[in-house]
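Engineer: From the sequence below, what's the structure:
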Amino acid sequence: MNRNENDMLEKEEIFSKVLRAGRRTYFFDVRSTKADDYYITITESKKFTEEDGSYHFKKHKIYLYKEDFTAFSEILNEMTSYVLNNKGEEVISERHQKDFKKEYNLDTTESNQNSEKSFTDVDFDDI
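Structural biologist: You can find the predicted model right below:
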């Protein structure tokens with residue numbers, strides 16, 4: 001790589017943050033345009049593991065330019081508020097995972113005992 005290409009790479013990425021969320025990782029990057037203005041890229045990288053133990057990543061990227069920041073932020077805030085106000089913060093999609101365990105045919109004694117469990121009774125191996 002020559003000096004000019006190296007300068008371009010250093011100039012392109014200005015500021016970065018990473019959010020690791022289970023099998024997904026989100027990369028937030030401030031980058032520079034050729035005109036030396038800034039924009040944001042948001043990349044979702046999701047790990048997929050094959051049956052043989054090998055894995056690959058699928059990546060999706062969006063580009064967000066300054067002229068769209070205000071509208072994007074307003075809509076994102078509106079959408080996240082809507083979801084939290086209507087469904088709360090509990091993540092319910094976990095029950096659709098193939099390793100989710102649900103007990104069926106509980107008698108009333110078991111049901112009462114399970115409903116009286118405290119937070120400390122959570123088995124973190126299941127998370």
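
Engineer: three-state assignment of residue 91?
Structural biologist: coil (DSSP: H, G, I helix; E, B strand; the rest coil).

Engineer: what's the neighbour count on it?
Structural biologist: Using other Cβ atoms under 10 Å, residue 91 is surrounded by 8 other residues. C-beta here means a position set from N, CA and C on the backbone, and glycine is covered the same way.

Engineer: Equivalent analysis for residue 71, please.
Structural biologist: Residue 71: 9 neighbours (other Cβ under 10 Å).

Engineer: Could you pull out the helices in the protein for me?
Structural biologist: Per DSSP state H, the chain carries helices over the ranges 3-12, 69-87, 108-115.

Engineer: Could you identify which of those helices has the lowest mean pLDDT?
Structural biologist: The minimum mean pLDDT among these belongs to helix 108-115 (a mean of 45).

Engineer: give the contact list for the nearest residue to residue 37 once chain neighbours are set aside.
Structural biologist: Setting aside the residues directly before and after it, residue 37 is nearest to residue 66 in space (Cβ to Cβ, 6 or more residues apart in numbering), at 7.1 Å. Counting by Cβ atoms under 8 Å, 6 or more residues apart in numbering, residue 66 touches 37, 38, 39.
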